[in-house]
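Q: predicted model and sequence below, questions to follow.
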Amino acid sequence: MNSSTTLTASLTLLACSLTGSPDDKHLPLAPQVMTARTAYIDNRSGRSAVADETYHEIRKWGRFQVVQDRTQADIILLLTTTLDSDGDAWRHLTVIDPSTGDILWSDSKAAIYHLGRATQFLVGELKKRIEDQSRQSGSADKKR
């Protein structure tokens, strides 16, 4: 084997070891997100409809009890909206640890591309991430 073949093989092995299994698409969510049972919705989007949509999606999911006092929440769901340079609105959902202020997870969607369902998509993405990680944890526990 010449040195370039050895280097190529080594880099391929390194890349495979760094990518992990096909199920490991994302960095694991923080334990605070995985164990949270109460959530406070902090609407800074400028639109009450965004908070209403988020509340509806969270209630429909059933994982979190929405509380009215942020001091009673395990997590804060911060809702914001920004405009890009083209004037398109972007909806943001940020999960915050209320005791530290640390951002635990965040995602955004362009409102125009989702026909007004950006909030539904954002809550859905959080739900998918939590459920995927719960399943992976469950299968990892069974292997032990």
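A: Structure's in. What do you need? Just so you know, these numbers come straight off a predicted model, no measurement behind them. Numbering: from 1, shown residues only.

Q: can you pull the contacts of the residue positioned nearest the centre of the chain?
A: Within the chain, the residue whose C-alpha comes closest to the C-alpha centroid is Leu126; the distance, by Cα atoms, centre = their mean, is 4.1 Å. If you count contacts by Cβ atoms under 8 Å, 6 or more residues apart in numbering, Leu126 has them with Leu93, Val95, Trp105, Asp107. Using the backbone N, CA and C atoms, a C-beta is placed for each residue, glycine as well.

Q: which among these gets closest to Ser137?
A: Trp105 (16.3 Å; Cβ to Cβ).

Q: quick check: Arg91 is in a helix.
A: No. With the criterion set as DSSP: H, G, I helix; E, B strand; the rest coil, the secondary structure at Arg91 is strand rather than a helix.

Q: okay, Gly87: pLDDT?
A: Predicted confidence (pLDDT) at Gly87: the value is 86.

Q: out of the contacts of Leu126, which is most surrounded?
A: Looking at these with neighbours defined as other Cβ atoms under 10 Å, the largest count falls to Leu93 at 25 neighbours.

Q: identify the bridge partners of that one.
A: The residues paired with Leu93 through beta bridges, assigned by DSSP bridges, are Leu79, Asp107.
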